[in-house]
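1. what's the 3D shape of this:
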Amino acid sequence: MDLHTIKTPSLLLDIERVRRNAARISARAREFGVSLRPHVKTHKCVEVARIQTVGEAGGITVSTLAEARAFADRGFKDITYAVPVEPGKFGEAIELARACERFALITDDLDVPRRLDEAARRARVVLDLFLKVDCGYHRCGVEPDSPEALEIPRLISDARGLRFAGILTHAGHSYHARSREELLGVARDERDVMREFAARLRADGIKVPTVSVGSTPTMTHFDHLDGVDEARPGNYIFFDAFQATLGSCGFQDCALTVLASVVHRDRTRRKVVLDAGAIALSKDRGPVEFDPACGFGRVLDVEGSETGLRVGPLSQEHGEVFVEDERLLDALGVGARVRVLANHSCLTAAQHSHYHVLEGGRVVDRWEIMRGW
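-> Next comes the predicted model:
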């Protein structure tokens, strides 16, 4: 099987780049003395997670309970579900806790510890529960200087059906940093907010077993992680056009592309249409605030070399590419194949059912993607 015969659109995974990216971030975790707990929402694939956890403690982070179930069923028994838990998910979370050696949840809500404790005691289990902390992203989490930041850990620590797992944050605002210096500043803030808050909790008599941070941009820019116990980056395993534009990696590190075919060529309007649209690529605009011309993905040739083209307007199954260069337009006849480097690999991967694994430019395997909620 090769790139000229497999069905399009198809998701391609460069396994050599995956291994290199895994080794790079594992080495940084060892350098900083922290445990690496990769976020598997990027790929949702057991084979990729096994590459990430070689030589590590084996813990992973998930974003859905379906991911947790799929990975637990395949031997991953130390899992953090890193979305605030709500009562509708208590029952499934308890069943997962029974299936794992450790299954940790997170909350930033004053009412959840009491209700989760009641559910846990009825089920005769003890659940690990983190406090989610806002280190500047302002999506979820308690402000570390708020009354709730002390009250919630006390409630968890005092509950018979819960264990206080520690504090956890995500510096999602790092994706908006406009320079390496600004990224380093966000990384330092993430680290310092968490270790200072942990010190306050400990001074108040609350044990903090784990201080957990995590984002790919900050993990690639930290200068040290003193006071932190674990890191949970995810995107690093594939990287993508956003991360390369941001400076977390180079374009040569990006491991995920979508193979697409030209289905229409319009010489009058100087464009071609691909059979990869919003469903195959996602509609993530990517690094538009840094690169207004980024479109919906970089167009590479079938060998993976840059063409200078971008995917423009998208509909469900169509992606339009405007082509000014006459030689490129000649080459991109109906049936010609290209590869699209997506803006956001996590969302693009979630659009597909499997990866075609590339090694040495050849398709050598097919790996399933575990989807659902």
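
2. quick one: buried residues of the helix or strand hosting residue 16?
-> In the assignment (DSSP states H and E), residue 16 maps to helix 15-32. Residues of helix 15-32 classed as buried by neighbour count (16 or more other CB atoms under 10 Å): 15, 17-19, 21-22, 25-26, 28-29, 32. (Glycine included, C-beta is placed from N, CA and C.)

3. what do you get for stretch 56-67?
-> Neighbour-count burial for stretch 56-67 flags 56, 58-65, 67 (criterion: 16+ other CB under 10 Å).

4. sorry, back to before: wait, which of the buried residues of helix 15-32 is closest to residue 121?
-> The shortest gap between residue 121 and any of those belongs to residue 29, at 36.0 Å (CB to CB).

5. list the contacts of that closest one.
-> By CB atoms under 8 Å, 6 or more residues apart in numbering, the contact set of residue 29 is 35-36, 56, 231.

6. how about 7 Å then?
-> 36, 231 (CB atoms under 7 Å, 6 or more residues apart in numbering).

7. do you know the pLDDT at it?
-> pLDDT, residue 29: 97.

8. with residue 342 instead?
-> At residue 342, pLDDT is 89.

9. so what's the residue count around residue 261?
-> Residue crowding around residue 261 was assessed by other CB atoms under 10 Å; the count is 18.

10. quick one, what contacts it?
-> With CB under 7 Å, 6+ apart, residue 261 has these contacts: 8, 274-275, 335, 337.

11. tell me which element the closest residue to it other than its chain neighbours is part of?
-> Leaving aside its chain neighbours, residue 261 sits nearest to residue 8 (4.3 Å; criterion: CB to CB, 6 or more residues apart in numbering). Assigned by DSSP H and E, residue 8 belongs to no helix or strand.

12. for residue 8, grab phi and psi.
-> Note on residue 8: backbone dihedrals following degrees, to the nearest 10 are phi -120, psi 150.

13. show me the contacts for it.
-> Contacts of residue 8 (CB under 7 Å, 6+ apart): 259-261, 275, 337.

14. export those to JSON lines and tack on secondary structure, distance to residue 149 and pLDDT?
-> Output for those, formatted as JSON lines (DSSP: H, G, I helix; E, B strand; the rest coil; distance: CB to CB, whole Å; pLDDT from 0 to 100):
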{"residue": "259", "secondary structure": "strand", "distance to residue 149": "48", "pLDDT": "98"}
{"residue": "260", "secondary structure": "strand", "distance to residue 149": "48", "pLDDT": "98"}
{"residue": "261", "secondary structure": "strand", "distance to residue 149": "53", "pLDDT": "98"}
{"residue": "275", "secondary structure": "coil", "distance to residue 149": "50", "pLDDT": "98"}
{"residue": "337", "secondary structure": "strand", "distance to residue 149": "53", "pLDDT": "98"}
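
15. now the residues you listed in TSV, with distance to residue 95?
-> Below are the contacts of residue 8 laid out as TSV (distance: CB to CB, whole Å):
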residue	distance to residue 95
259	39
260	40
261	44
275	41
337	45
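
16. between those residues, which sits nearest residue 214?
-> The closest of these, once distances to residue 214 are taken by CB to CB, is residue 259, at 30.8 Å.
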